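1. sequence isn't available, so here's the structure alone:
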């Protein structure tokens, strides 16, 4: 026991020394230095004169002998560590939100509003396409979109997720309105920026489409038809109801599994929860609370259901990527992160 006390005191003294050095280099705040020092001095006091803490042990009914007081020390240490973890998590969440809001603000500020002012007046369907390194595919997607659907002008916005292959220039030359994020944050954050810009432009319907050529722009009228006819607030393009080129079997299995999971959780049948080809009425879009930076497809549909939106699925065609490399992580990692996105959205 004496050896344990000596080691504990030595580690606590080293911890204080490191904290003082880090504070001198402005790596930690004064508050963090004070907390570190108090904890370390408590450990040193416990090692040097454990009898000082007898009133605490007696209050907690930990009598001496049989390692009971050592157990008490461990319990107190766990409680302190838990409080420190909560403090750290608060800082992480605050900083994460600040970074997210900053990136979104910069993304919206970089949008070319002068060019947007030249758009023809009238009803609009705004198509938002988040893109990262899709210079090979994005122009073909933009050119294939119809110019009008039932007296609604179709406007395309490409939100570049900090590409390094010239995607923004290619998209702009193809006729899209483009905005760029200062750092790569994921399709979900890019989508939120696109949604906000679309609403600023007075969109009646906002459509999302992948920039890699997997979705068929020619099927846009099919996608927005239930909204135009007043039958839906949110429309999901389903490859399961339509047709798709088969990719890896594990991805295909994941499409069915996660759709089944969301169906069970929400009570409404969903056949293709991972589809990024969807349309949302502008009034409905304003009510959605979207927070996911990645794996956003499930969040939009689950959140729309939470807001009691009328959701319809229509059959569409999915192709495999036309060119370039997939930005999705490996299958197991993708499944894990997609599961977390579903859980976080459902538990709100």
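-> Done, it's in. What you see is a predicted model; the values in this text were computed from it and never measured. Numbering: from 1, shown residues only.
2. hey, let's count contacts and neighbours off CA atoms from now on
-> OK.
3. which stretches in the stretch 201-348 of the chain count as strands?
-> Counting by DSSP state E, counting those that start in this stretch, the stretch 201-348 of the chain has these strands, from start to end: 205-208, 234-244, 278-281, 311-318.
4. strands paired with the third one, and their directions?
-> Counting by DSSP bridges, the strands paired with strand 278-281 are strand 205-208 (antiparallel), strand 234-244 (antiparallel).
5. looking at the ones you listed, which is buried most?
-> Among these, strand 205-208 has the highest mean neighbour count (mean count of other CA atoms under 10 Å), at a mean of 26.
6. how far away is residue 256 from residue 294?
-> Residue 256 is 20 Å from residue 294, where distance means CA to CA, to the nearest Å.
7. swap that for residue 313, please
-> Distance, residue 313 to residue 294, by CA to CA: 22 Å.
8. comparing the two, which residue is more hemmed in?
-> Neighbours were tallied for residue 313 and for residue 294 using other CA atoms under 10 Å; the higher tally belongs to residue 313 (21 against 17).
9. quick one: contacts for the nearest residue to the more buried one once chain neighbours are set aside?
-> Once its chain neighbours are removed from consideration, residue 313 has its nearest residue in residue 236; the separation is 4.7 Å (CA to CA, 6 or more residues apart in numbering). Residue 236 makes contact with 223, 272, 275, 277, 278, 279, 311, 312, 313, 314, according to CA atoms under 8 Å, 6 or more residues apart in numbering.
10. ok, the last one - contacts?
-> Right, the one you point to is residue 314. With contacts defined as CA under 8 Å, 6+ apart, the neighbours of residue 314 are 222, 223, 235, 236, 237, 238, 241, 242.
11. 10 Å instead?
-> Listed by CA atoms under 10 Å, 6 or more residues apart in numbering, the contact partners of residue 314 are 222-226, 235-242, 271, 278.
12. so residue 42 touches residue 9, yeah?
-> Yes: taking contacts as CA atoms under 10 Å, residue 42 lies within contact range of residue 9: 9.4 Å.
13. what do those two both touch?
-> Common neighbours of residue 42 and residue 9, counting by CA under 10 Å, 6+ apart, are residue 48.
14. show me which of the two is the more surrounded one.
-> For residue 42 and residue 9, the more surrounded residue by other CA under 10 Å is residue 9, and the numbers stand at 21 against 15.
15. what's the closest non-adjacent residue to that one?
-> Distances taken as CA to CA, 6+ apart place residue 44 nearest to residue 9, at 4.6 Å, with adjacent residues excluded.
16. just residue 216 next, same as before
-> Leaving out its chain neighbours, the residue that sits closest to residue 216 by CA to CA, 6+ apart is residue 317, at 6.5 Å.
17. those helices in the stretch 51-200 of the chain, which residues are they?
-> With helices called from DSSP state H, counting those that start in this stretch, the stretch 51-200 of the chain shows them at 54-59, 68-109, 113-116, 138-144, 167-173, 187-200.
18. in CSV: those, plus mean pLDDT, distance to residue 246 and mean neighbour count.
-> Output for those, formatted as CSV (pLDDT from 0 to 100; distance: least, CA to CA, whole Å; neighbours: other CA atoms under 10 Å):
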stretch, mean pLDDT, distance to residue 246, mean neighbour count
helix 54-59, 74, 66, 12
helix 68-109, 85, 35, 14
helix 113-116, 90, 39, 12
helix 138-144, 95, 21, 19
helix 167-173, 95, 27, 20
helix 187-200, 94, 23, 22
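19. any idea which of those helices gets closest to residue 27?
-> Put simply, out of the helices of the stretch 51-200 of the chain the one that sits nearest residue 27 is helix 68-109, at 14.8 Å, with distance taken as CA to CA.
20. so how far is residue 9 from the residue nearest to residue 313?
-> Taking CA to CA as the measure, residue 236 falls 62 Å from residue 9.
21. if we can go back for a sec, beta partners for the residue nearest to residue 216?
-> Bridge pairing for residue 317 (DSSP bridges) gives the partners residue 243.
22. surely it meets residue 220?
-> No: proximity of residue 317 to residue 220 does not meet the contact threshold set by CA under 10 Å, at 11.1 Å.
23. which residues are common contacts for those two?
-> If you check residue 317 and residue 220 against CA under 10 Å, 6+ apart, the residues they both contact are 237, 277.
24. so these two - more neighbours on which side?
-> Ranked by neighbour count (other CA under 10 Å), residue 317 and residue 220 place residue 220 first, with 25 against 19.
25. contacts only, for the more buried one.
-> Neighbours of residue 220 in contact, by CA under 10 Å, 6+ apart: 125, 127, 144-146, 148-149, 154, 207, 209, 237, 277-279, 316.
26. OK, contacts around the residue lying closest to residue 107 once chain neighbours are set aside?
-> Take residue 107 and drop its neighbours on the chain: the residue closest to it by CA to CA, 6+ apart is residue 181, 4.7 Å away. Under the criterion of CA under 10 Å, 6+ apart, the contact partners of residue 181 comprise 103-111, 159-163, 189-190, 193.
27. please enumerate the helices of the stretch 201-348 of the chain.
-> Applying DSSP H, counting those that start in this stretch to the stretch 201-348 of the chain gives helices spanning 220-228, 249-266, 282-285, 297-306, 331-346.
28. so how far is the longest one off the chain centroid?
-> Translated: helix 249-266. Relative to the mean C-alpha coordinate of its chain, helix 249-266 is positioned 19 Å out (CA atoms, centre = their mean, to the nearest Å).
29. great, nothing more from me.
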